[in-house]
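Chemist: just need the structure, nothing else, for what follows:
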Amino acid sequence: MYEGISQNILPAFSLAGVEVGTHFYWDIGGIKLHGQVFIVSWIACAAILFFAIAGTRNLERIPRGFQNFGEFVFEFTEDIAKNQIEGEEYRTWLPYIGTLFLFIFACNWSGGLLPLKLIELPEGELAAPTNDINTTVALSLLTSLSYFVAGLSKKGLGYFKRYIEPTPILLPINILEDFTKPLSLSFRLFGNILADELTVAVLALLVPLFIPLPIMVLGIFASSIQALIFSTLSAAYIGEALEDHH
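Modeler: Numbers count the residues shown, from 1 in each chain. Model (predicted):
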């Protein structure tokens, strides 16, 4: 089941790059695209779209079924944004924070719940898109762009004053902080999801079926927490950029 990963636990290391396992690529116009990531990302997006349509199809005053579930998810993501972004400004960024949480949540769960390992590919196997460093870096850069946009849209060029507050001596440290934010976001999510899948792969190889199941359940729980952490930190960074410094 996890043969594709388990046979490549110790990949060849080179100075040019590091890969874990084998991968399935699409070559389009000389550009290599990671097919595994796209396929599972589309599945995750389709699942989100299905629940969104089902939850808003026949709205009732007293919610039930998919509508009830949809309202619960909306209130949950609204709380994430509201708790980190002051005032009514959270409403502007709620769509981004909500989309970020749902996408990461669906991607993480798709790697743990769906029987993707049973689908045969020419190379590699399907897994959570978030166990690919390119996905997590892209999401982190989107968050970085978002808090710059938030700060500049509210304060204009005065936003950059924060780099010399409370004293100009801290300028290098404040600049470095903006580089470390996306790095910490991306590597935290990537490391946790990859470690979970590799752990399950090794256990499935050594003791098939029953022993890996508790680890898989724990991994699903941990992947949910990672989606919450990523979206909460993203909202906190945006809230920080919108803050008025006195």
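Chemist: biggest helix in the protein by residues?
Modeler: If each helix of the chain is counted by residues according to DSSP state H, the longest one is helix 171-206.
Chemist: which stretches of this structure have low pLDDT?
Modeler: Applying pLDDT under 70 to the chain flags residues 1-25, 114-124, 204, 207-212, 245-246.
Chemist: quick one: L33 is in a strand?
Modeler: Yes - counting by DSSP: H, G, I helix; E, B strand; the rest coil, L33 is found in a strand.
Chemist: just grab the bridge partners of it for me.
Modeler: Beta-bridge partners for L33, by DSSP bridges, are W26.
Chemist: so it touches D132, yeah?
Modeler: No - contact between L33 and D132 fails when scored by Cβ atoms under 8 Å: they sit 11.6 Å apart. In short, each C-beta sits where N, CA and C put it, glycine included.
Chemist: look at the two and report which has more neighbours.
Modeler: Under the neighbour definition other Cβ atoms under 10 Å, L33 and D132 were set side by side, and D132 has more, 23 against 13.
Chemist: tell me the contacts of the closest residue to that one other than its chain neighbours?
Modeler: Spatially, and ignoring its direct neighbours in sequence, D132 is nearest to V37 (5.2 Å; Cβ to Cβ, 6 or more residues apart in numbering). V37 is in contact with P129, D132, N134, T135, counting by Cβ atoms under 8 Å, 6 or more residues apart in numbering.
Chemist: P129 is in contact with the last one, correct?
Modeler: Put plainly, it is T135. Yes - contact criterion Cβ under 8 Å: T135 and P129 qualify, at 4.7 Å.
Chemist: go through stretch 48-65 and flag the buried ones.
Modeler: Residues of stretch 48-65 classed as buried: I48, F51, G55 (neighbour count, 16 or more other Cβ atoms under 10 Å).
Chemist: list buried residues within the contacts of V37.
Modeler: P129, D132, T135.
Chemist: quick one: the helix or strand hosting the last one to helix 171-206, angle?
Modeler: Under the criterion DSSP states H and E, the helix or strand holding T135 is helix 133-155. Orientation check (axes from the mean of the first three to the mean of the last three Cα atoms, to 10 degrees): helix 133-155 against helix 171-206 gives 150 degrees.
Chemist: what comes up buried for helix 133-155?
Modeler: By neighbour count on 16+ other Cβ under 10 Å, the buried set for helix 133-155 is 133, 135-137, 139-140, 143-144, 146-148, 150-151, 155.
Chemist: what does it contact?
Modeler: 34, 37, 41, 89, 93, 96, 100, 103-104, 107, 129-130, 159, 161-162, 178, 181-183, 185-187, 189-190, 230, 233-234, 237-238, 240-242.
Chemist: save the buried residues of stretch 48-65 as a markdown table, and put in distance to L198 and secondary structure too.
Modeler: Output for those, formatted as a markdown table (distance: Cβ to Cβ, whole Å; DSSP: H, G, I helix; E, B strand; the rest coil):
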| residue | distance to L198 | secondary structure |
| --- | --- | --- |
| I48 | 27 | helix |
| F51 | 30 | helix |
| G55 | 35 | helix |
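Chemist: circling back to that earlier point, mind listing the shared neighbours of T135 and P129?
Modeler: Counting by Cβ under 8 Å, 6+ apart, the contacts common to T135 and P129 are V37, S41, C107.
Chemist: looking at those residues, which one is closest to V73?
Modeler: Proximity of those to V73 (Cβ to Cβ) peaks at C107, which lies at 15.7 Å.
Chemist: from memory that closest one sits against A128, does it?
Modeler: Yes - applying Cβ under 8 Å, one finds C107 in contact with A128, separated by 5.4 Å.
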